[in-house]
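Asker: Just to be clear, the model below is a prediction. Sequence and coordinates:
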Amino acid sequence: MDTDKTIYLGGNLITGEKNKIIRDSLLITSKDKILYAGVFKKDLVKEPAKRYYLKECYIIPGIIDCHLHLCGLLKADPDSWVQEELLKRSMISVKQAEELIEHGVTSVCDVSKNGVFLKKMINSGLIKGPRISPCGPGLVRTGGFLDPSHLPEAMNRENHPWAVFADGEEEIRRGLRNSFRQGSDHIKTWATGLGLSCRERDRDQYYSQKELDLILEEARYLNSKVFVHCESLYGTKAAVEAGVDGIIHGEELDEDCMKGMVSKGISLVPTLNLTLEWYAKYGGTPPRRVKRDSGILGNEIEREREIVKRNFQEALDQGVNIAMGSDTFCKEITPFGQFSLEEIKTMTECGLRPYEALEAATVKAAELIFPGRKIGLIKEDYIADFVILKRNPVEDIQVLEKKNIVAVIKEGELQAGKIDLFLNNDKEIMQ
């Protein structure tokens, strides 16, 4: 028996290419690669190999989350982000990585101090977790979001789980170069904030156009991408003008922003589940938007929710590319793995069809985070990352739940589930 080759028979293959489902399929892997993915062919299964008979199961590409924080946080309280012990947070982040893979999330883009080290441990086989493309801690200015003034300045700088503070050209260049030195693949920065500073308005712009252009310049030296936290119009316009690769959140886009994103190939990572429910779950008062719709009824939170939803729908209508990112950051309100699956479902509630939401969480996410790598599709010569489900998510996206996952395969290896229940080497299956 070829110990490197594994054959999966009879499943319903959702390849990730549009609305394509191959019934009674054949999937063959060897080590970390897919050798064949398509209709059943008897000639391809004659050689001895381990076989799994997956009749009535559905196979989808591994889920890819373009934006989260593996920082070991348990609570949503921002003071706890810097007051928890670093060692404790590091240990918790190992568990968070495991929870992601158990929910079928096989790849992520992480913004935290832990991501680079988790990537090394996962790649060496010491722990289980998704493939990580780390950004390291993101660049943020002094006195803005993530730097609340009621806490000691030194504490914020030393202990913040996903931020490095940089002001002016020299500090920005050094911050970026140090991030790459530590092993970051991409760069995350903030163009706007979220009102955690006593002087900060949600629509304030963080970095000047010159500073944003500088960030892009440094990233391009190493062929890296730049993802920018944008929650209001002015900062988003500056990020689009700079030509960043991804707008994170992006709940206030005007027509010029959207057209610029389309023409420059800038993706939107909308984090809808968190954004829609932020003020209901987290508290606070929604900002006064530059872009407002006086026809929206309801209280402040209901109006903000409707503004965010309509903004996303307008982006879809304009043809903006969408990639899934959950902004998972703590166990309390964004449970790891579960929140990624909930983000896919929320996308369908805001305008995407189920297969489009799956594309945003697989092939489109892969194109954004892992450009040039064969990840995100179930296709010959691609990396063997896939999730086996009991039910069809294209027919009912709500089946994306851990309880419906039969097995999670990453790079051809079982990461979670009990697939041996489907082990069948009976030759009669091939007759």
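Answerer: Arrived safely. Numbering: from 1, shown residues only.

Asker: all strands of the stretch 301-431 of the chain, in order?
Answerer: 328-330, 386-389, 405-410, 413-417 (DSSP state E, counting those that start in this stretch).

Asker: Which parts of the chain are helices?
Answerer: Taking DSSP state H as the criterion, the chain carries its helices at 78-83, 86-102, 115-123, 153-159, 168-182, 209-221, 233-242, 255-264, 272-282, 300-318, 338-349, 354-360, 363-369.

Asker: So which of these is nearest residue 48?
Answerer: helix 86-102 (29.5 Å; Cβ to Cβ). Quick note: C-beta positions are derived from backbone N, CA and C, even for glycine.

Asker: can I get the CA coordinates of that closest one in PDB?
Answerer: Presented in PDB, the C-alpha positions along helix 86-102 are these (Å, rounded to 0.1, in the frame of the first residue of the first chain):
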ATOM      1  CA  LEU A  86       2.500  38.100  28.700                       C
ATOM      2  CA  LEU A  87       3.400  34.500  29.500                       C
ATOM      3  CA  LYS A  88      -0.200  33.700  30.300                       C
ATOM      4  CA  ARG A  89      -1.400  35.200  27.000                       C
ATOM      5  CA  SER A  90       1.200  33.300  25.000                       C
ATOM      6  CA  MET A  91       0.000  30.000  26.500                       C
ATOM      7  CA  ILE A  92      -3.600  30.800  25.800                       C
ATOM      8  CA  SER A  93      -2.800  31.600  22.200                       C
ATOM      9  CA  VAL A  94      -1.700  28.000  21.700                       C
ATOM     10  CA  LYS A  95      -5.200  26.800  22.700                       C
ATOM     11  CA  GLN A  96      -6.700  29.500  20.400                       C
ATOM     12  CA  ALA A  97      -4.800  28.100  17.400                       C
ATOM     13  CA  GLU A  98      -6.100  24.600  18.200                       C
ATOM     14  CA  GLU A  99      -9.600  25.900  18.400                       C
ATOM     15  CA  LEU A 100      -9.300  27.500  14.900                       C
ATOM     16  CA  ILE A 101      -8.200  24.300  13.200                       C
ATOM     17  CA  GLU A 102     -10.900  22.300  15.000                       C
END
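
Asker: roughly how far out does that helix sit from the chain middle?
Answerer: How far helix 86-102 lies from its chain's middle: 16 Å, per Cα atoms, centre = their mean, to the nearest Å.

Asker: how far off helix 338-349 does that helix point, in degrees?
Answerer: Angle, helix 86-102 to helix 338-349, by axes from the mean of the first three to the mean of the last three Cα atoms, to 10 degrees: 50 degrees.

Asker: low-confidence ranges in this protein?
Answerer: By pLDDT under 70, the low-scoring segments of the chain are 1-3, 194-204, 288, 290-294, 425-431.

Asker: what domains does the record give for it?
Answerer: Per automatic domain parsing, the domain ranges recorded for the chain read 2-61+376-430, 63-369.

Asker: gap between the two ends of the longest one?
Answerer: By that I understand domain 63-369. 12 Å (Cα to Cα, to the nearest Å).

Asker: same thing with stretch 323-339?
Answerer: One end of stretch 323-339 sits 15 Å from the other (Cα to Cα).

Asker: ok, back up a step: got JSON lines for the domains of the chain, with mean neighbour count too?
Answerer: Shown next, in JSON lines, are the domains of the chain (neighbours: other Cβ atoms under 10 Å):
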{"stretch": "domain 2-61+376-430", "mean neighbour count": "18"}
{"stretch": "domain 63-369", "mean neighbour count": "20"}
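
Asker: Quick one: closest of the helices of the chain to residue 393.
Answerer: The nearest among these, by Cβ to Cβ, is helix 354-360 at 6.2 Å.

Asker: Which secondary structure elements does the closest one sit against?
Answerer: Here helix 354-360 touches helix 338-349, going by 3 or more Cβ pairs under 8 Å, 6 or more residues apart in numbering; DSSP states H and E.

Asker: which helices and strands does the helix it packs on pack with?
Answerer: Applying 3+ Cβ pairs under 8 Å, 6+ apart, one finds that helix 338-349 contacts strand 63-73, helix 272-282, helix 354-360.

Asker: circling back: now the strands of the stretch 301-431 of the chain as CSV including distance to residue 48?
Answerer: Output for those, formatted as CSV (distance: least, Cβ to Cβ, whole Å):
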stretch, distance to residue 48
strand 328-330, 42
strand 386-389, 22
strand 405-410, 20
strand 413-417, 20
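
Asker: Ok, which of those comes nearest residue 174?
Answerer: Closest approach to residue 174 among those (Cβ to Cβ): strand 328-330, 26.1 Å.

Asker: That concludes my questions; thank you for your assistance.
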